[in-house]
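Engineer: Turn this into a model:
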Amino acid sequence: MLVSDGEENCGGDPCEVAADLRKKGADFYVDVVGLQVDPASRAQLTCIASAGGGTYYDVQDVSRLQDTLTRTSVRAARGYAPAGRPVEGGTTRKDAPAVTDGQWLDTVGDSGPEHYRLPDPGRGTFHVAAATLPTRGFTGVSSVEVGVVSADGTPCGSPARETAQGASNGGAPIAAALTLSATDREDCGGGPYVATVTSNNEEVQGLELLVRTEPEVEDASALPAAFGRASGFSDEVQAGRAAADAVPVVGGPNFSSAPPTPAPSGA
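Structural biologist: Presented below is the predicted three-dimensional model:
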């Protein structure tokens, strides 16, 4: 982890050094924290993080530095360990294997797009997310995309796509999530519905697929009241719970490592 308050001033090029180390096969990555830096310094520090396979964090308020360091160190210590029930995606929609609600583990990059037949949600809602960890040899802009089509191949809504620059650090996967309600699917036709996952990385990489179906609401009057805010983007809520009750939590790098969110005191 590199913490800096400005540009390099020793006559070298740290961005080039980081890139050279990775090209030579050094097993490392570097996360960079810029502390109250100007635009030129931020550009150089971002370059170091990208070339070094890490992530850049910008801190303008010194009081937030400790939180940022804690977040980066906790995420690094947890690491990334893909998990899920093994599945092999189909090369076409016709040979897509059926997946149920849960987490699945596959690979992408070995046979083009991966296809999976989704469970029937009836009048309910789909939630589909795909996460990949770019291979170490891929240092460009990496992307993962997940989309859903109906039985006749018509796209349902717009695909979800996520990209990251220099994400091949061995610990920072990228994830794309897509939600489709019954209304969203009216224009694309009926099922069976198939999810398609693609990546621009042509090397084989792990793929985590998370599938959830949400049943249709049959009695809207039985739902709890909306959790409204006092006005605009204020942190003051009307439900009688002060913003000070918030409990800090650091998210995990993937689905399996996501920590449970504790209930605030007095909730």
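Engineer: Surely Gly190 and Ala151 touch.
Structural biologist: Yes: using C-beta atoms under 8 Å, Gly190 is in contact with Ala151, at 5.9 Å. Yep, even glycine has a C-beta here, placed from its N, CA and C like the rest.
Engineer: can you give me the strands in the stretch 151-267 of the chain?
Structural biologist: Listed in chain order, the strands found in the stretch 151-267 of the chain under DSSP state E, counting those that start in this stretch are 160-165, 174-180, 194-199, 205-214.
Engineer: since we're on Leu178, how many residues are nearby?
Structural biologist: 21 (other C-beta atoms under 10 Å).
Engineer: How about Thr55?
Structural biologist: 23.
Engineer: And it, its phi and psi?
Structural biologist: For Thr55, the backbone dihedrals (degrees, to the nearest 10) come out as phi -120, psi 140.
Engineer: So which of the strands of the stretch 151-267 of the chain is the most surrounded?
Structural biologist: strand 194-199 (a mean of 23; mean count of other C-beta atoms under 10 Å).
Engineer: and that strand, what does it pack onto?
Structural biologist: strand 102-108, strand 114-117, strand 125-132, strand 141-149, strand 205-214 (3 or more C-beta pairs under 8 Å, 6 or more residues apart in numbering; DSSP states H and E).
Engineer: tell me which element the residue nearest to Leu21 when sequence neighbours are not counted falls in.
Structural biologist: Spatially, and ignoring its direct neighbours in sequence, Leu21 is nearest to Phe28 (6.8 Å; C-beta to C-beta, 6 or more residues apart in numbering). For Phe28, there is no host helix or strand (DSSP states H and E).
Engineer: show me the contacts for Arg185.
Structural biologist: Shown in contact with Arg185 (C-beta atoms under 8 Å, 6 or more residues apart in numbering): Ser150, Cys156, Gly157, Tyr193.
Engineer: try 7 Å this time
Structural biologist: For Arg185, the contacting residues are Cys156, by C-beta atoms under 7 Å, 6 or more residues apart in numbering.
Engineer: Dump stretch 173-186 to PDB, restricted to CA.
Structural biologist: Provided in PDB are the C-alpha atoms of stretch 173-186 (Å, rounded to 0.1, in the frame of the first residue of the first chain):
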ATOM      1  CA  PRO A 173     -12.900  -8.900  -9.100                       C
ATOM      2  CA  ILE A 174     -15.400  -6.900 -11.100                       C
ATOM      3  CA  ALA A 175     -19.100  -7.700 -11.000                       C
ATOM      4  CA  ALA A 176     -22.200  -6.800 -13.100                       C
ATOM      5  CA  ALA A 177     -25.700  -7.200 -11.700                       C
ATOM      6  CA  LEU A 178     -29.000  -7.200 -13.600                       C
ATOM      7  CA  THR A 179     -32.600  -7.000 -12.200                       C
ATOM      8  CA  LEU A 180     -35.600  -7.700 -14.400                       C
ATOM      9  CA  SER A 181     -39.200  -7.500 -13.200                       C
ATOM     10  CA  ALA A 182     -42.300  -8.900 -14.900                       C
ATOM     11  CA  THR A 183     -42.900  -5.500 -16.400                       C
ATOM     12  CA  ASP A 184     -39.300  -5.300 -17.700                       C
ATOM     13  CA  ARG A 185     -39.900  -8.600 -19.500                       C
ATOM     14  CA  GLU A 186     -43.200  -7.700 -21.200                       C
END
